[in-house]
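>>> Below: sequence and its predicted model.
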Amino acid sequence: MKQEVSHLFFDSFGVPAKSMAFAPGRIEFIGNHTDYNGGLVMGAAVTEGVFVAVAPRADRKISLFSRSAGLVETSLDSLEPLEGEAFWANYPLGVTKVLLENGLSLSHGFNLAVDSNLPIGAGLSSSAAFELSTAYVLAELCGFEADKKTFAQFCRRAENEFVGMPCGILDQGVSAFGQADSLVCIDCADELFGTKAMPTGTHFWIFNSNKKHALVESAYSDRHKECHDALAILQKGYPEAETLSQISQSQLDATADELGDLLYRRACHIVGENDRVRLVEAALDEGDLAAVGAALSVSHMSSRDNFANSTPELDFLAEALNELDSVYGARLTGGGFGGAVMAFTSDAFASADADLVAKAYQKEFGLEATVLHTRAGNGGCLL
Ligand code: GLA
């Protein structure tokens with residue numbers, strides 16, 4: 001892919017690229033919507049991702065070329081979010097703006113080409129991978145230095161402030177801290193990043209439902225707000241709690257009437273997810289993969305019943321996969337409201353099994369599920 005993005009750049013702009021970078025997509029292993037609630041989450045970078053090539057221009061124009069989405073042109077002097085078909089350009093433009101606000105010294109514009117071998121819209125966070133790879137090339141171009149955590153924070157800020165998605169640090173953090181054959185563990189309260197080896201003989205299979213709610217972004221923002229509202233009510237009784245993740249199940253139960261059914265269920269999901277992440281960490285240490293898998297399955301059910309961010313398509317895939325002996329556990333991965341289900345499997349799970357699940361899915365919904373067998377890969381880097 002390095003060759004391909006280098007050729008793409010040359011074909012688009014007629015000069016060689018000066019800097020190239022890769023950043024991976026990510027799987028959310030467990031810890032659903034916990035990140036912006038100050039909680040715990042485990043993910044893994046995948047081996048697929050986004051490739052970016054860049055070179056400076058003499059003027060102040062910014063030219064962005066995507067193999068799949070075409071050309072967008074703007075200027076360093078008008079770094080404003082774009083709408084409609086040019087929306088994809090907001091990821092690199094947002095990163096440019098945040099880096100400039102934080103000391104990047106860029107007096108000239110640039111040409112940028114982007115290519116990807118990551119399925120787009122599958123819930124594997126191609127947007128964070130695009131942000132991080134852009135940050136790395138711009139930093140190299142301008143001699144700007146920062147550590148991985150700072151780059152992840154800048155990219156999250158670009159997504160929050162420029163793209164307008166109130167996401168947490170999961171996607172950008174995993175894309176930066178990914179490590180081959182390892183899970184990335186994040187304590188989002190203090191933004192602490194660690195890794196944990198994947199048990200040998202385990203695999204990730206991703207089933208993209210190829211079905212999304214029309215308004216995924218606003219559904220995500222609604223959940224963000226509901227968590228915020230639930231916390232505000234809980235803080236009346238427990239003012240020391242700064243985030244939903246500092247609330248216990250018994251405190252939640254004691255506040256059930258004030259919260260009302262909907263906010264109670266949203267908060268239950270977050271409190272329960274944090275417990276499940278702890279359980280999974282301990283079960284991984286003990287090599288108890290059945291317990292890991294059970295927690296993944298319960299996580300999916302909590303998404304379905306409490307957080308209401310699943311879909312009938314994701315439920316079908318998760319249930320079909322969870323029935324198989326070779327699947328330790330399966331759950332929706334990422335924000336939800338469509339996207340993909342992740343299955344954590346043993347060696348015994350084979351393509352034939354994936355085909356059977358995809359066929360059953362096709363029969364039920366008349367849709368093709370795209371299947372990706374992937375593994376935990378390294379984080380973003382210059383090429
Ligand atoms: C999306 C967001 C993340 C996280 C997940 C849900 O991927 O970008 O920050 O909130 O959803 O866990």
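Alright, I've got the coordinates. Note that the structure is predicted; figures quoted are calculated from it, not measured. Residues are numbered from 1 along each chain as shown.
>>> Skip the chain neighbours and tell me the closest residue to the residue of the stretch 251-383 of the chain found nearest the ligand.
Scanning the stretch 251-383 of the chain for the residue nearest the ligand gives Gly335, at 3.3 Å (criterion: Cβ to the nearest ligand atom). Every C-beta, even on glycine, is put in place using the N, C-alpha and C of the backbone. Distances taken as Cβ to Cβ, 6 or more residues apart in numbering put Tyr220 closest to Gly335, at 5.1 Å, once the chain neighbours are dropped.
>>> Which elements pack onto the host helix or strand of the one you found?
Tyr220 belongs to helix 216-237 when elements are defined using DSSP states H and E. Identification of packing neighbours for helix 216-237 by 3 or more Cβ pairs under 8 Å, 6 or more residues apart in numbering; DSSP states H and E yields helix 249-254, helix 256-286.
>>> Is that helix positioned near the ligand?
No - Helix 216-237 does not reach the ligand (Cβ under 6 Å from any ligand atom); its nearest approach is 6.7 Å.
>>> same deal with stretch 195-210?
No - Stretch 195-210 does not reach the ligand (Cβ under 6 Å from any ligand atom); its nearest approach is 13.8 Å.
>>> First residue to last residue on that stretch, what's the distance there?
Using Cα to Cα, to the nearest Å, the end-to-end distance of stretch 195-210 comes to 30 Å.
>>> Buried residues in that stretch, which are they?
For stretch 195-210, the neighbour count (16 or more other Cβ atoms under 10 Å) marks 195-196, 198-199, 202-210 as buried.
>>> Just the mean pLDDT for it, thanks.
Averaged across stretch 195-210, pLDDT comes to 96.
>>> Quick check: residues of this structure near the ligand?
So the chain meets the ligand at Glu28, Asn32, His33, Asp35, Tyr36, Ser125, Cys167, Gly168, Leu170, Asp171, Gly334, Gly335 (Cβ under 6 Å from any ligand atom).
>>> Contacts only, for the closest residue to Gly43 other than its chain neighbours.
Spatially, and ignoring its direct neighbours in sequence, Gly43 is nearest to Val174 (3.9 Å; Cβ to Cβ, 6+ apart). Going by Cβ atoms under 8 Å, 6 or more residues apart in numbering, Val174 touches Arg26, Gly43, Ala44, Ala45, Ser125, Ala128, Val184, Ile186, Gly379.
>>> Could you confirm the first one falls within a strand?
Read that as Arg26. Yes - Arg26: assigned to a strand according to DSSP: H, G, I helix; E, B strand; the rest coil.
>>> Strands of the chain, start to end?
For the chain, the strands defined by DSSP state E occupy 19-30, 40-56, 61-66, 70-75, 110-116, 182-187, 192-197, 202-212, 327-333, 338-346, 370-374, 381-382.
>>> export those to TSV and tack on distance to Asp275?
Shown next, in TSV, are the strands of the chain (distance: least, Cβ to Cβ, whole Å):
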stretch	distance to Asp275
strand 19-30	11
strand 40-56	9
strand 61-66	41
strand 70-75	44
strand 110-116	35
strand 182-187	14
strand 192-197	18
strand 202-212	22
strand 327-333	15
strand 338-346	18
strand 370-374	28
strand 381-382	34
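>>> what's the closest of the ones you listed to Glu364?
strand 202-212 (11.0 Å; Cβ to Cβ).
>>> which strands and helices sit next to that closest one?
Where contact means 3+ Cβ pairs under 8 Å, 6+ apart, strand 202-212 is packed against strand 40-56, helix 312-322, strand 338-346, helix 351-365, strand 370-374.
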